[in-house]
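J.: here are the coordinates; sequence isn't available:
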């Protein structure tokens, strides 16, 4: 079964809108795990518009499954991750003002930079994942940095799923096989939801983990958090 990591950034966005502590990000993380989530993902950004650095430190002792921290490897981010030591760090190429991740790394152009960052995190015993587009050569280059996994950027799949599911998923099948052949694991995330997740999981070989936030939290408004997590996990069986 593929693991489900719940991204709780949107919970922090809602909390920050009132400047108080409702909803409580820490309580939600613990509840997600009790409801069956296999991990908790956060993406602290420089402006702290959702997850704050203080949240990262508060969550570390509470998360008992897998703690995954996403972000651009700036000096501040690197320092934060090395202090907190999550089970996994996912390197994304986002600009500081990006609303959300919208592309994978140009690994060829950033190969030396990524290799250095991967080395630092691996020395600290932290699993490393590089956020990439579903391209076989890019996946192979990511593997050559020493990364443990890639995370496949799935928005193109989500955008094209309703028009032609087979065509939409084909690059991801090839990319996942390339990762497996290169000896690294496969994660995936971005715009996966209850409509497209089951088909994605059924067709992608070697899929270790999906990270889902926006859609799952939006569904939880209608279904409740426990039921939303149950339905997402059901797609991954």
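T.: Ah, there it is. Just so it is clear, the model here is predicted, and its values are computed rather than measured.
J.: now the host helix or strand of residue 68, how far from the chain's geometric center?
T.: Secondary structure assigned from DSSP states H and E places residue 68 in strand 67-71. Taking C-alpha atoms, centre = their mean, to the nearest Å, one finds strand 67-71 lying 7 Å from the centre of the chain it belongs to.
J.: Now it: average pLDDT?
T.: For strand 67-71, the per-residue pLDDT values average out at 97.
J.: outside of that strand, which residues touch it?
T.: Among residues not part of strand 67-71, those counted as contacts by C-beta atoms under 8 Å, 6 or more residues apart in numbering are 5, 39-45, 56, 59-60, 77, 80-81, 84, 86-92, 94, 101, 129, 131, 211. C-betas here are computed from N, CA, C, even on glycine.
J.: do that again at 7 Å, thanks
T.: With contacts defined as C-beta atoms under 7 Å, 6 or more residues apart in numbering, strand 67-71 is touched by 5, 39-44, 56, 59-60, 77, 81, 84, 86-90, 92, 211.
J.: from these, which ones fall inside strands?
T.: Filtering the contacts of strand 67-71 for membership in strands, criterion DSSP state E, returns 5, 39-42, 88-90, 211.
J.: ok, and the most crowded of the residues you listed?
T.: Counting neighbours by other C-beta atoms under 10 Å, the top entry in those is residue 89, with 30 neighbours.
J.: my guess is residue 107 contacts residue 140, does it?
T.: No: taking contact to mean C-beta atoms under 7 Å, the distance of 8.9 Å between residue 107 and residue 140 leaves them out of contact.
J.: Provide a list of residues in contact with the residue nearest to the spatial centre of the chain.
T.: With distances taken as C-alpha atoms, centre = their mean, residue 211 lies nearest the centre of the chain, 4.2 Å away. Counting by C-beta under 7 Å, 6+ apart, residue 211 touches 5, 7, 41, 68, 187, 189.
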